[in-house]
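Asker: give me coordinates for this.
(4 chains)
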Number of protein chains: 2
Amino acid sequence: MNIGEIARRAGVSRSTVSYALSGKRTVSEATRQRIQAVIDELGYRPNATARALREGRNRTLGLVIPPARGRLTFMQLEFVASVTEAADRADLDVLLSSSGGDHDRSFERIVDGRRVDGVILMEIRLDDPRVRRLKALGLPFVTIGRTARPQGMCWIDVDFATLVGRCVNHLADLGHRHIALINRSTELVASGYGPAHRAREGFADAVARHGIDGMEFCCADDASAGETCVQEILRAHPEVTAVTTVNEAALPGVQRALEDAGLNIPARFSIAGVAARFWAEQFRPQLTAADLPAVDMGATAVDFLVERIAEPDGPPRQHLFVPPISLRNSTGPAPAAR
Amino acid sequence: MNIGEIARRAGVSRSTVSYALSGKRTVSEATRQRIQAVIDELGYRPNATARALREGRNRTLGLVIPPARGRLTFMQLEFVASVTEAADRADLDVLLSSSGGDHDRSFERIVDGRRVDGVILMEIRLDDPRVRRLKALGLPFVTIGRTARPQGMCWIDVDFATLVGRCVNHLADLGHRHIALINRSTELVASGYGPAHRAREGFADAVARHGIDGMEFCCADDASAGETCVQEILRAHPEVTAVTTVNEAALPGVQRALEDAGLNIPARFSIAGVAARFWAEQFRPQLTAADLPAVDMGATAVDFLVERIAEPDGPPRQHLFVPPISLRNSTGPAPAAR
DNA sequence: TTGTATGCGTTATCAT
DNA sequence: ATGATAACGCATACAA
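Answerer: Residues are numbered from 1 along each chain as shown, chains lettered A, B, ... in the order given. Model (predicted):
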């Protein structure tokens, strides 16, 4: 069923049907109703593909997620859901692409074929080839996370440096003098993953500012790595009384290792970090942490992208999220000794 | 950059360029190379929208997910990721639609506008209006879960009845005589949600078969509901020594309540169920459970859909997943008394 | 208030 | 081995 058939049956021209539908020029009430009757009867709906071809836009945005083999984090998954809902509110569809590393076929398909009007790029690297690609194509995009040179680009990010710094402040104020950072994986750091780098920097700065002892550990994004990591910390650095972390997926293992070591939280050991609320509340006792604002971030990313699509040469918008640290029960005064 | 421009610069017709690219008719090596050179130089890529209009298909499938306000479960999220990857392997894109209940705008957009060649429908109800819609449109689709009348349709599902039955068998074999089922929420049951209904049936059958005492409790999909639910069970039915559940999101609360009641697992209380592996492993001690095979399910759903798109009138394929129950450490012999 | 004609970028049919 | 041309379904500039 197409617009021509509707026109024929209603005894009008195609343009009249089109205008009756779009309202972009006046159509007499009589013909409008006749047309509508035919449309209702035949259940006609305009073909979105033809419209996209004609209009030169798809009313669709691309969402590039990391390949699932590296297991999506809870935070990422919440973000995907919130982007989908925000897009829906703007009457936009979302074309999903799982890409990253060498697995970029779907990214190419979506971008090369101009299937989308703009792209939201998750899990950006400090130097990201996909960003260069999008720039070269002149396709509007928003990144989640910043590249090394984010000037002139549209992005949103979480201020991991500041947040980790605040965690250190908090722990130092409680008297802790030997603090460990449990960062993301070595591979992630090596590949230039911003959050890991900025967590490191924020940690180093804060530790230096307080003149206390800080050490960093990389840790894969899973529970058993977290367990091993804490065991290693306790073994090699018995003086450590507190940990700060940006690795939410490691938390269950962190908890286990501390329990097994008989270290009561927060009486004998403190921990604070940055994590999705889900993980913070899952921790026992609940974790003092900056909750990652996934829903806000998704909505903001869509807002920025929609704005940029409408006005590609407008000023690039950027937002650094600094969510408050929720004081829960995992931090307390440093114990006299361990 | 379009195919006409390439043709002009290569000094050939548009059809020659098209054929050179598709290989659907022979093109002399000389012109092929000349064309390729121009393409490489100008970075030409065919416009997917125009191709879709011409070919009458989009090489895209729709994935309808439940609205995120009800928080996507891990299982659902894993499924989304696996569908995306399976689609990518088949060179298909995935258009995401979050719909369900009254929030069906994006479903309409995708389906009415013929933006997709087929649809994967998650979280099906026993009587689902979207299924009727897709049938009426003649759009190929695969459902995750079955409707009440699944004959003639393409679907995959998890055999909750059998799995819950097996959990009961296992617990009965261990000597438990008073077993509770922690099902999904009252609302979900009321709305005709298949897994909840079939868990109930499987439970009732198994309990009757063993001639033991079984009782069912509905429980919202979150930790605190799980906690309340277990407290209620322990209070009202102190004779209960084991629980089986299909409510993974309630597990953290279940655990908390049992801990608070001082009921050691599995010495004084046993629990077995159906859950994503993530949740089973998160439980302490690790949960004896049938792990939901999200990745297999995603791949299978895509396979079925691709097949159906290619051959809309072929026999509808169906698969009932009965994943093995992984024996972990949450079940043991019934205690003498409680 | 309505109709006619054109083009969006492809692919495929027919012709050479 | 290659070219000209007609669709695909829609929106809109131009006419009337």
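Asker: what about the strands in the stretch 151-300 of chain A?
Answerer: Using DSSP state E, counting those that start in this stretch, the strands assigned to the stretch 151-300 of chain A run over residues A:155-158, A:178-182, A:213-217, A:242-245, A:270-275, A:288-291.
Asker: save the ones you listed as TSV, and put in mean pLDDT and distance to chain B too.
Answerer: Just so you know, the C-beta spots here come from the backbone N, C-alpha and C atoms, and that holds for glycine as well. What follows is the strands of the stretch 151-300 of chain A, written out as TSV (pLDDT from 0 to 100; distance: least, C-beta to the nearest C-beta, whole Å):
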stretch	mean pLDDT	distance to chain B
strand A:155-158	97	19
strand A:178-182	98	19
strand A:213-217	98	23
strand A:242-245	98	18
strand A:270-275	97	15
strand A:288-291	97	15
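Asker: pull the contacting residues for the residue in the stretch 151-300 of chain A that DNA strand C sits nearest to.
Answerer: Distance from DNA strand C to each residue of the stretch 151-300 of chain A (C-beta to the nearest atom of the strand) is smallest for residue A:154, at 25.1 Å. Applying C-beta atoms under 8 Å, 6 or more residues apart in numbering or on different chains to residue A:154 gives the contacts A:140, A:141, A:142, A:143, A:304, A:305, A:308, A:316, A:317, A:318.
Asker: got a list of what the fourth one touches?
Answerer: Residues touching residue A:143, when contacts are defined by C-beta under 8 Å, 6+ apart, comprise A:120, A:121, A:124, A:128, A:131, A:150, A:153, A:154, A:155, A:156.
Asker: do you know how far the residue of the stretch 151-300 of chain A closest to DNA strand C is from residue A:121?
Answerer: From residue A:154 across to residue A:121, the span is 10 Å (C-beta to C-beta, to the nearest Å).
Asker: need the overlap of contacts for the two.
Answerer: Residues touching both residue A:154 and residue A:121 by C-beta under 8 Å, 6+ apart: A:141, A:142, A:143.
Asker: out of those, who's nearest residue B:30?
Answerer: Nearest to residue B:30 among the shared contacts of residue A:154 and residue A:121 is residue A:141, at 39.5 Å by C-beta to C-beta.
Asker: the residue of the stretch 101-250 of chain A found nearest chain B and DNA strand C, how far apart?
Answerer: Taking C-beta to the nearest C-beta, chain B has its nearest neighbour within the stretch 101-250 of chain A at residue A:113, 3.0 Å off. Going from residue A:113 to DNA strand C by C-beta to the nearest atom of the strand, to the nearest Å gives 9 Å.
Asker: and for residue A:15?
Answerer: 3 Å.
Asker: residue A:322 too?
Answerer: For residue A:322 relative to DNA strand C (C-beta to the nearest atom of the strand), the value is 43 Å.
Asker: neighbours around residue A:115, how many?
Answerer: Residues near residue A:115, counting by other C-beta atoms under 10 Å in any protein chain shown, number 23.
Asker: I'd say it and residue A:95 touch.
Answerer: Yes: under the criterion of C-beta atoms under 8 Å, residue A:115 is in contact with residue A:95, at a separation of 6.0 Å.
Asker: what touches both of those two?
Answerer: A:60, A:62, B:93.
Asker: now the residue lying closest to residue A:329 once chain neighbours are set aside: how far from residue A:4?
Answerer: Nearest-residue entry for residue A:329: residue A:285, 3.7 Å, with adjacent residues in sequence omitted and distances by C-beta to C-beta, 6 or more residues apart in numbering or on different chains. Distance, residue A:285 to residue A:4, by C-beta to C-beta: 68 Å.
Asker: quick check on residue A:284: phi, psi?
Answerer: Note on residue A:284: its backbone torsions stand at phi -120, psi 120 [degrees, to the nearest 10].
Asker: OK, contacts around the residue nearest to residue A:329?
Answerer: Counting by C-beta under 8 Å, 6+ apart, residue A:285 makes contact with A:265, A:266, A:328, A:329, A:330.
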